[in-house]
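Got a predicted model here, sequence first, then my questions.
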Amino acid sequence: MPNPKRKHSKSRTGNRRAHDSLDAPTFGPCPNCGAPRRPHRVCPKCGFYKGRAVIEVKEKA
């Protein structure tokens with residue numbers, strides 16, 4: 001089995017791992033009700049997407 005000839009430096013390892021961090025999910029306001037929602041997804045509060053009702057949302061008691 002081949003083995004590495006030299007150890008990778010800490011800066012080289014850090015450069016490789018520079019893009020491994022997680023980003024926080026983005027939220028935008030729903031144009032219908034104003035509740036925060038993820039882009040390109042149905043609003044969980046009102047059930048609207050692109051100006052029309054897609055799902056029926058049951059109201060919590």
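Okay, I see it. Numbers count the residues shown, from 1 in each chain.

for the residue nearest the centre of the chain, what are its contacts?
Centroid-nearest residue in the chain: Pro25, 3.7 Å away (criterion: Cα atoms, centre = their mean). Applying Cβ atoms under 8 Å, 6 or more residues apart in numbering, we find Pro25 in contact with Arg38. The way it works is simple: take the backbone N, C-alpha and C, and place the C-beta from them, glycine included.

thinking Cys33 is in contact with Gly47, fair?
No: taking contacts as Cβ atoms under 8 Å, Cys33 lies outside contact range of Gly47: 9.4 Å.

Helices of this structure, start to end?
10-16 (DSSP state H).

how about low-confidence regions in it?
60-61 (pLDDT under 70).

quick one, strands of it?
Assigned by DSSP state E, the chain shows strands spanning 28-29, 36-37, 48-49, 52-53.

a markdown table please, covering the ones you listed and showing mean neighbour count and distance to Lys7.
What follows is the strands of the chain, written out as a markdown table (neighbours: other Cβ atoms under 10 Å; distance: least, Cβ to Cβ, whole Å):
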| stretch | mean neighbour count | distance to Lys7 |
| --- | --- | --- |
| strand 28-29 | 10 | 46 |
| strand 36-37 | 16 | 47 |
| strand 48-49 | 17 | 52 |
| strand 52-53 | 10 | 59 |
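
could I get these as a markdown table with distance to Met1?
Formatted as a markdown table, the strands of the chain follow (distance: least, Cβ to Cβ, whole Å):
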| stretch | distance to Met1 |
| --- | --- |
| strand 28-29 | 51 |
| strand 36-37 | 51 |
| strand 48-49 | 53 |
| strand 52-53 | 60 |
